[in-house]
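Participant: heads up, no residue letters with this:
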């Protein structure tokens, strides 16, 4: 340090020449006259022992500080490792409450491995398997998604769990095709192909360890638009409008709101029936603010519709009907009733046609019958005569078969015709084979003899049993006895000539005619009966929820839509009265009741009335759901006469289209939210994707 | 003749390259995210690689004999790599302060290193300038020696006085004010935030003694005032140099810890990735 440049500055000594920068030690007597020239060595030792104590330079002080800091860090980590469990030290954040609760009782070693398969083995093993690519034995090809499915198995089936939307590629293609035809292709160019849509792990969207209160279902719009190339900045601005939602979903119960609101309810009121068209009359609000789709028939519909439904149900269905055959044809038909002899007339009952499908001759003959009407046949035409005889013979033998084998005969014939066995039970339960046997006895006296002879022949005689010899002995004796007993339950007296006499009509045909069974009086609760006037076996239905009519419709649902039996049956008044309100009853999977939309996972769109009806301005249903004018009713609407608001896809609804403008008032980023997942569901389950 | 690039242009280009690099990482991460891949692996690897690059400046400083470019260039690379790392951290980390104990510590360390780095940028520009204008540069390890010299010189000045009034007046002032000043180091408050209050107070006191002193006493008082100034400048140098050196140590220690925990974090992330 120099004193030059200042007045009165004292002269100061120059720094010592023995100073050695970048050394860890320096001389303790630095600058003194007896300081050594070389200074202390690298280890801090002075060459002049006991004369001076070397001092640390800054560099020399820094090194122990670094060592100390490193040791401190190691000690801190060690203490943390010993005082806390291993997983809690390295976990990147708290689990959500639900997951944390599940894992609360898990051991440390198992806790992480519950979701992370690679954590189940040792660190060394993990490193080895990671480097060699050979997975730990027993855990090959098990990844995190599989672990998720261990608990969330109801959300997605394992085979489609990694597929986009948990839908098979085939279904996605169909959806894509459908949406392409509905929307502007320039705005809906479909998903990007650069992503493997059959390998999307759960963790792509649902990321854990973001705190106990984190919402795992909160998925960013960007994730959706990873695949969906058409990007929407804001729901209110560029989300495509919809035309068919929500009415395009259709419904299990057909109900024309427009005509009921403007025509039927006012008319009812004029007839002093207390009824006003209010939404909540049928659509009640549940405890959790959801809206029911329908009310029961008895509470909502019966007041006005029950009488008409009783009348139409009473028309019932026909099992079999004997045709009128000309004298010459009737003569060639063995035991043909005289009552069914005359000018050719009558028709083939649809159920007869169905149950005769197993008989190729009869089935072909029915096919030759124009409109299934006998009157259309030319009796001079040999082919037509043969067809008429074949059908008559077929009807006769069908009755004999049912009388002889009971329900099993109907079941076998229906299954042969393509009806699913499960749909038959309710139908068969209502139909007593005794009725058929009695009918057969009444209409075809000689045929009854034949039937009884067949039954008698099927009963093994004691001599037959003796002849059966060892075979019978080898079989289970109890079974044989039971079989014999079963056969014995059939009245053996029927085989005796006396009984035939007893069964023979004691009255003339005219007397029977006059004593025609009055189903309206006698079958007030419905059932099968014989109509001796028309020589038919019919079923009389009762109002709503008739089990036999219902079973019959479900049987028809098994047939193809073009099947003539199905077409004719659906045209029957009793059946028509059912499917008029239950159009989905004839679907491949018959649906009779309206199912709640909330909670269903077969649609990409979801909506809950809950949060909406709490808003005062939306408490009035008509704020969103505006019933259309009946003047707009279209004539080309399917099945049900709905008021016609037809969407681009051809779906007709009796409501005015529900536009996006109704939603954008609230559904903005700042208000009710406009994220994709607010209204769209990712995890869907289509019934046709489910494996049997 | 090669045209020399100006400092301003160099900084502009460096900032631009850093911004482009951050934008590239962000774009790539967004692309990966949009393809439902794992952008965090890419950003994490980028961050770890950058941290290692940042640590290389320490290695470079320890091997000055290897021709790996000058320290100034390394410092520039270090600064802009640090800014790049900050940008990648924002892209990589789900939150500025992460949740778990390891990640929480890692976040704190990263933020601490970043803040200390930013302070370093400021300090490495401001403190040398202030050191330059505050008298002669003194080597840090010789500050104590210089203090001793100043204290000894002041004591000699007093011992060489002949004038009785000066001995009495200056002696009293020396024993009360100057001796503690010269014999002790600066206070912690001065080291943390050096001010001129102490110097002005002492110089003012010496000046006020002039009316009680004759010629010799006044000359000695002037010499003592000069020593007070020297000592104050020395302490100022010491405080600023200590600040710079402490920053380097803190920054280095935190960086080492950060790198160590980052490697551990990467290992755990890879192990529990699936």
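Facilitator: Nice, I can see it. Keep in mind that what you see is a predicted model, and the values were worked out from it rather than measured.

Participant: alpha carbons only for contacts and neighbour counts from here, please
Facilitator: Fine.

Participant: does residue A:42 touch residue A:25 like I think?
Facilitator: Yes. Here residue A:42 reaches residue A:25: they are 6.9 Å apart, a contact under C-alpha atoms under 8 Å.

Participant: ok, these two, which is more surrounded?
Facilitator: residue A:25 (25 against 12; other C-alpha atoms under 10 Å in any protein chain shown).

Participant: what's the neighbour count on residue B:21?
Facilitator: Neighbours of residue B:21 (other C-alpha under 10 Å): 16.

Participant: in a strand, it, correct?
Facilitator: No. Looking at residue B:21 with DSSP: H, G, I helix; E, B strand; the rest coil, it is helix, so not inside a strand.

Participant: which residue is the nearest non-sequential neighbour of it?
Facilitator: Of all residues not flanking residue B:21 in the chain, residue B:84 sits nearest, at 7.2 Å (C-alpha to C-alpha, 6 or more residues apart in numbering or on different chains).

Participant: any idea how far the one you found lies from residue A:106?
Facilitator: 42 Å (C-alpha to C-alpha, to the nearest Å).

Participant: more neighbours: these two, which one.
Facilitator: It is residue B:84, of residue B:84 and residue A:106, that has more neighbours when counted by other C-alpha under 10 Å, with 23 against 13.

Participant: now do the contacts for the more buried one.
Facilitator: Applying C-alpha atoms under 8 Å, 6 or more residues apart in numbering or on different chains, we find residue B:84 in contact with B:18-19, B:21-22.

Participant: in the stretch 151-300 of chain A, which residue sits closest to chain B?
Facilitator: The nearest approach of the stretch 151-300 of chain A to chain B comes at residue A:226, 4.5 Å away (C-alpha to the nearest C-alpha).

Participant: quick one: contacts for that residue?
Facilitator: Contacts of residue A:226 by C-alpha under 8 Å, 6+ apart are A:192, B:33-36.

Participant: which of those residues count as buried?
Facilitator: Using 16 or more other C-alpha atoms under 10 Å in any protein chain shown as the burial test, those include B:33-36 as buried.

Participant: tell me which helix or strand residue B:90 sits in.
Facilitator: Assigned by DSSP states H and E, residue B:90 belongs to helix B:71-92.

Participant: need the pLDDT of residue 127.
Facilitator: Using chain A. With respect to pLDDT, residue A:127 scores 64.

Participant: you looked at the wrong chain, it should be chain B
Facilitator: 88.

Participant: touching, it and residue B:238? I think so.
Facilitator: No. Using C-alpha under 8 Å, residue B:127 is not in contact with residue B:238; the gap is 11.5 Å.

Participant: the more surrounded of those two?
Facilitator: Between residue B:127 and residue B:238, counted using other C-alpha under 10 Å, residue B:238 has the larger neighbour count: 25 against 16.

Participant: doesn't the more buried one belong to a helix?
Facilitator: Yes. Checked against three-state DSSP, residue B:238 lies within a helix.

Participant: low-confidence regions, the stretch 451-600 of chain A specifically.
Facilitator: Low-confidence segments of the stretch 451-600 of chain A, defined by pLDDT under 70: A:451-515.

Participant: now do the helices in it.
Facilitator: Taking DSSP state H, counting those that start in this stretch to define them, one finds helices in the stretch 451-600 of chain A at A:462-468, A:470-474, A:477-489, A:497-503, A:509-514, A:519-522, A:547-557, A:564-571, A:573-579.

Participant: tell me which residues of the shortest one come out buried.
Facilitator: By that I understand helix A:519-522. residue A:519.

Participant: who touches that helix?
Facilitator: A:314, A:529, A:540.

Participant: what are the buried residues along the helix holding residue B:90?
Facilitator: B:74, B:77-89, B:91-92.

Participant: helix or strand right after that helix?
Facilitator: helix B:101-133.

Participant: can you spell out which helices and strands pack onto the helix or strand just after that next one?
Facilitator: Per DSSP H and E, the first helix or strand lying C-terminal to helix B:101-133 is helix B:143-159. For helix B:143-159, the packing partners by 3 or more C-alpha pairs under 8 Å, 6 or more residues apart in numbering or on different chains; DSSP states H and E come out as helix B:164-173, helix B:179-183, helix B:215-271.

Participant: for the record, mean pLDDT for helix B:143-159?
Facilitator: 91.

Participant: pick out the residue in the stretch 151-274 of chain B sitting closest to chain A.
Facilitator: residue B:223 (4.9 Å).

Participant: what is the burial count for that residue?
Facilitator: The number of residues packed near residue B:223 is 21, by other C-alpha under 10 Å.

Participant: got the contact list for residue A:586?
Facilitator: With C-alpha under 8 Å, 6+ apart, residue A:586 has these contacts: A:553-554, A:556-557, A:579.

Participant: most surrounded residue in the residues you listed?
Facilitator: Counting by other C-alpha under 10 Å, top hit in the contacts of residue A:586: residue A:556 with 28 neighbours.

Participant: wait, isn't that one in contact with residue A:566?
Facilitator: Yes. Using C-alpha under 8 Å, residue A:556 makes contact with residue A:566 at a distance of 5.6 Å.

Participant: and the gap between residue A:426 and chain B?
Facilitator: For residue A:426, the distance to chain B equals 52 Å [C-alpha to the nearest C-alpha, to the nearest Å].

Participant: would that residue count as being in a helix?
Facilitator: Yes. According to three-state DSSP, residue A:426 belongs to a helix.

Participant: hmm, the longest helix anywhere in chain A in reach of chain B?
Facilitator: The longest helix of chain A (DSSP state H) is helix A:58-83. Yes. Applying C-alpha under 8 Å from any C-alpha of the partner chain, one finds helix A:58-83 touching chain B at A:58, A:62, A:66, A:69-70, A:73.

Participant: among these, which ones are buried?
Facilitator: Among those, those scoring as buried are A:58, A:62, A:66, A:69-70 (criterion: 16+ other C-alpha under 10 Å).

Participant: quick one on the thing from earlier: and the longest helix of chain A, which residues are buried?
Facilitator: By 16+ other C-alpha under 10 Å, the buried positions in helix A:58-83 come out as A:58-60, A:62, A:66, A:69-70.
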